[in-house]
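*Asks:* Sharing a sequence plus its predicted fold:
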Amino acid sequence: MDFGGINPAILIASLMAASVPILLAALGELVVEKAGVLNLGVEGMMIMGAIVGFMVTIQTGSPFLGFVGGAIGGAGLSLIFAFLTQVLLANQVATGLALTLFGLGLSALLGQGYNGLKPAATGAVPLGPLADIPFFGRVLFSHDWVVYFSVFMTGVIWYVLKSTRLGLILRAVGESHEAAHALGYKVNRIRLGAIAFGGAMAGMGGAYVSLVRVPQWVDGITAGAGWIALAIVVFASWKPWRALIGAYLFGGITVLQLNLQAAGSSIPVEYLSMSPYLITIVVLVIMSSGRGKAALNAPAALGQNFHASR
Amino acid sequence: MSERPILLSVEGITKAYPGVVANSDVSFAIREGEVHALLGENGAGKSTMVKMIYGLVKPDTGRMTWKGGDYAPAAPRVARATGVAMVFQHFSLFEALNVAENVALGMENPPPMKQLAARIKAVSEEYGLPLDPSRMVGDLSAGERQRVEIIRCLLQDPRLLIMDEPTSVLTPQEVEVLFRTLRQLSAEGTAILYISHKLEEIRSLCDAATILRRGKVVGTADPKASTARELAEMMVGATLTPPERPAPKDWGGPHAALEVKRLAVASPIAFGTSLKDVTFTVRKGEVLGIAGVAGNGQDELLLALSGEIRSGDGMVKATGVSVGAMGPAERRKIGFVMAPEDRLGHGAAPDMSLVENAFLTGGVRKGLTRNGFINWPAAREFAEAIIKTYDVRTPGSHVAARALSGGNLQKFVVGRELMQNPDVIVINQPTWGVDAAAAAAIRQAILDRAAEGAAVVVISQDLEELLEIADTFAVLNEGRLTAPRPVKGLTIDQIGLMMGGAHGMEVAHLAEA
């Protein structure tokens, strides 16, 4: 079952793994934006997660603790954003951009001395005979736990947003903070929680890059994955399952272009590596030209700061 | 009535914000099952007072008691648990959520959605307020939205229901439905704290009234035994004079200054109302009043007349010129000026000074530019002339528009347009959120300009205002305009029917019940 030297089972399996960082980061950002906050610092939080996760794994030898560390690293950086925008009411766009620059610089500083090291490997979850099923065993049952975790989180976030009171309050805050405040909800506190959650998810995504995908530490290792995650949230029109589809599309194109390169395609490498970004732009243009349902699904209070006066 | 036990008593409450004392030593008491009015002008401290009762704001000094025990709610949650519910004037519904979700957000322990939907249906029918729990709030009319809020409160079996200016967005028929519900609640023993500045409503509904002026209690009254005029003068603290109408002049012939013919434009606003087939003419010296419940196309009509949305050829003619394709500045140039509803952000740039704001619309007509540069001394002179003529209270023309109070900024925005000697004036909500004295001044200024020969269109939701200043009267309903009729001889029932339109169904429904 090879098409021009590309095995579809391996292709699908590797696109699922390749999508994990952007999927986790996009899910986190989706929750943040549903609460009405636009945090453009995803890239910075991802790379902080990448370096902190990497350091913890090197020090402890445990990849699991590394992911926990990555989540804490991302959440820690996001709390700076939360303090600036929710307490000091700084502009969210400018603060988010600054957060990315700050995260890139700080991670490079922390990462000195970690270049060239190899972290402990994160193995596949042993699923016994399931992994031996032809095709599906390779596609579905031979992944590490983070891949399953990312799909599980998609379901959890979908359920919480749709059917629980917590999700309802979160959506309400993102829809109209004035109204939520009038009903007695602590707008800034709820947003603070959402921002920290988004930071933790982005941090885990970053840790997956440095611990599994690459796996080593180099400066700027996330290479724009945070921006893709931001685009996916809009692409998914703030719906978790669509974020999964979006992430897999991007992951798929990334993996496909790598495979095509390896298979000796005649198309120049540069075109192939820019294709995910080009497609992002095209999709976003198509989505926003509609002015229809996708735009209506956007949280109405997105990017607006709230201050309880009177 | 006085034998009923006291439910809530407020004793010596004071609340100060930096620079303003919102409430000073306020005391009153509400008995069980009583409809108690809190009466006062904008800025009299009514809203702050009820926010303290609802636990949104903490008083500086003073205390409240509930059935004789201490009552100091730290949060709305505590107030709701005690039995206090509140229907807000605005800002408490979520447009992108459905009715049931909106109700659930206002409850402490909402049942699962299915049960909640069934209870919403049951309660809404019991009180004659039909409502579908699965509809998006963004698609509901203002009256229906208010029902959502009321039902949200009723589901918690409140002992005290606070209503903050509930009728400001309703048609007369909807007001009747609301009052029937409130009387039913009161008969069942629920006390109602009713906040309003509309005197006729208070006289027909309330058992007692406490009157606030500048944060202080200036009196109590039995609204059923007082005249509207007595209540108004207590509220304002001065004798009120209705605006003067100079005798109508004949400007020669039926020449129309503003002619709108079959105007149809799509709404640029999300959940907005498109205009359909709007036709009217306004002659020199005539004031046309356009009424209607908010969201029926008022904003769109102003945008189409101001030139912010363009319309087809010949749809809008001002002073004989077809202006459909012109932008706001070109329209101003030929003497067609406008003042939008939202004075902060649309009518004026909040962070710019009054001089800059005066220049922004007055630049063209007053010739405030020279060789493409702004003539600052002339602009300042113009701003200061507006401030002086229209009695705008401000430290000077250099202050930012944001720093002015609502009424003063409104005087400035309206004055700025009237000072340009326009031939056609369109104003949306000229006195919205403005206290009675400033409102009277603004109305007088509009009438004066009309007496000088300008054609005026006033779009407003305040019926009394329109009946006071307009010569002809029309209603916008779902983007359509009724045929204008002379104000003289118009009865409130006829107006209600003109406004009814889409709401006619509900009236029929009530008649059956």
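*Replies:* Looks like it arrived, so ask away. Numbering: from 1, shown residues only, chains lettered A, B, ... in the order given.
*Asks:* does any bit of stretch B:195-203 sit next to chain A?
*Replies:* No. If you take CB under 8 Å from any CB of the partner chain as the test, stretch B:195-203 misses chain A, and the best it gets is 14.7 Å. For the C-beta atoms, the positions are set from N, CA and C on the backbone; glycine is no exception.
*Asks:* Now do that stretch: distance from first to last residue.
*Replies:* 13 Å (CA to CA, to the nearest Å).
*Asks:* what about that stretch, distance to the chain center?
*Replies:* For stretch B:195-203, the separation from the chain centroid amounts to 14 Å (computed by CA atoms, centre = their mean, to the nearest Å).
*Asks:* who's in contact with it?
*Replies:* For stretch B:195-203, the surrounding residues in contact (CB atoms under 8 Å, 6 or more residues apart in numbering or on different chains) are B:37-42, B:46-47, B:50, B:162-167, B:175, B:179, B:194, B:209, B:223-224, B:226, B:228, B:231-232, B:235, B:436.
*Asks:* buried ones in it?
*Replies:* Residues of stretch B:195-203 classed as buried: B:I195, B:S196, B:H197, B:K198, B:L199, B:E201, B:I202, B:R203 (neighbour count, 16 or more other CB atoms under 10 Å in any protein chain shown).
*Asks:* Could you tell me the average pLDDT over it, please?
*Replies:* Averaged across stretch B:195-203, pLDDT comes to 80.
*Asks:* How about stretch A:134-152?
*Replies:* For stretch A:134-152, the mean pLDDT works out to 90.
*Asks:* how far out from the middle of the chain is that stretch?
*Replies:* With CA atoms, centre = their mean, you get 18 Å for stretch A:134-152.
*Asks:* Give me the buried subset of the contacts of stretch B:195-203.
*Replies:* By neighbour count, with 16+ other CB under 10 Å, the contacts of stretch B:195-203 hold B:37-42, B:46-47, B:50, B:162-167, B:175, B:179, B:194, B:209, B:223, B:226, B:231-232, B:235, B:436 as buried.
*Asks:* Inside helices: which ones of those?
*Replies:* B:K46, B:S47, B:V50, B:V175, B:F179, B:L231, B:A232, B:M235, B:A436 (DSSP state H).
*Asks:* which ones are touching B:R180?
*Replies:* Counting by CB under 8 Å, 6+ apart, B:R180 touches B:G128.
*Asks:* Could you check how far it is from chain A?
*Replies:* When distance is defined by CB to the nearest CB, to the nearest Å, B:R180 is 26 Å away from chain A.
*Asks:* How about B:E32?
*Replies:* According to CB to the nearest CB, B:E32 stands 25 Å off from chain A.
*Asks:* same deal with B:V457?
*Replies:* 30 Å.
*Asks:* And B:I211, by the same measure?
*Replies:* Going from B:I211 to chain A by CB to the nearest CB gives 22 Å.
*Asks:* Report the contact partners of that residue.
*Replies:* Here B:I211 is in contact with B:L39, B:G40, B:V217, B:V218, B:G219, B:T220, B:A221, B:L231, B:M234, B:M235 (CB under 8 Å, 6+ apart).
*Asks:* Validate this expectation: it resides in a strand.
*Replies:* Yes. Under DSSP: H, G, I helix; E, B strand; the rest coil, B:I211 sits within a strand.
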